[in-house]
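> sharing a sequence plus its predicted fold:
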Amino acid sequence: MSTVGANSTKASLNQCMYCGNVDLPLTDEHILPRGLNGRLILRKSCCATCQQMIGAVETSVLKSGWLSDPRLVMGLRSYKPKKQSTNVKMTFVGLDGMHFDKKVPKEDAVALMTT
């Protein structure tokens, strides 16, 4: 599985990278989301309003969206790894041509996703 090292902080933008605001307090922002093993951080680069919007999108995509199962299978970073599912929902096609869903242990899902 993946190895996670320490975050690396880069230069400060001193403005929101999304809306350009320079008047509000700014927070640090991962260049690539933490949930995709992003470790590079831009200091003072996101206002609270944009951070809320970006955070909501990242959460919906990474935790319950189309990237949630691949993240689980690849062992990408999580704030609560002990609460992660151990199974991945996969769709199969039976001999009769009908589709059916089955939960598969994440360790077995890797082989099924690549064959």
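Received it, and whenever you're ready, just let me know what you need. Numbering: from 1, shown residues only.
> can you tell me the closest non-neighbouring residue to the residue positioned nearest the centre of the chain?
Using CA atoms, centre = their mean, the residue of the chain that lies closest to the mean C-alpha position is G35, 3.2 Å off. Computed as CB to CB, 6 or more residues apart in numbering, the closest residue to G35 that is not its neighbour in sequence is L62, at 4.0 Å. C-betas here are computed from N, CA, C, even on glycine.
> can you tell me the element that neighbour falls in?
Assigned by DSSP states H and E, L62 belongs to helix 48-63.
> the strands in this protein, which residues?
For the chain, the strands defined by DSSP state E occupy 8-12, 26-30, 40-47, 87-93, 99-105.
> quote the end-to-end distance of stretch 54-71.
The first and final residues of stretch 54-71 sit 18 Å from each other (CA to CA, to the nearest Å).
> tell me the confidence at I41?
Here, the pLDDT recorded for I41 equals 91.
> ok, what's across the strand from it?
With DSSP bridges as the criterion, the beta-bridge partners of I41 are T9, H30.
> number of nearby residues for it?
15 (other CB atoms under 10 Å).
> what about it, distance to L76?
In this structure, I41 and L76 are separated by 17 Å, where distance is defined by CB to CB, to the nearest Å.
> likewise L95?
In terms of CB to CB, L95 sits 35 Å off from L76.
> who has more neighbours out of these two?
Here L95 and L76 are set side by side on neighbour count (other CB under 10 Å), and the busier one is L76, at 20 against 5.
> thought that one was touching R34?
No: contact between L76 and R34 fails when scored by CB atoms under 8 Å: they sit 9.1 Å apart.
> great, nothing more from me.
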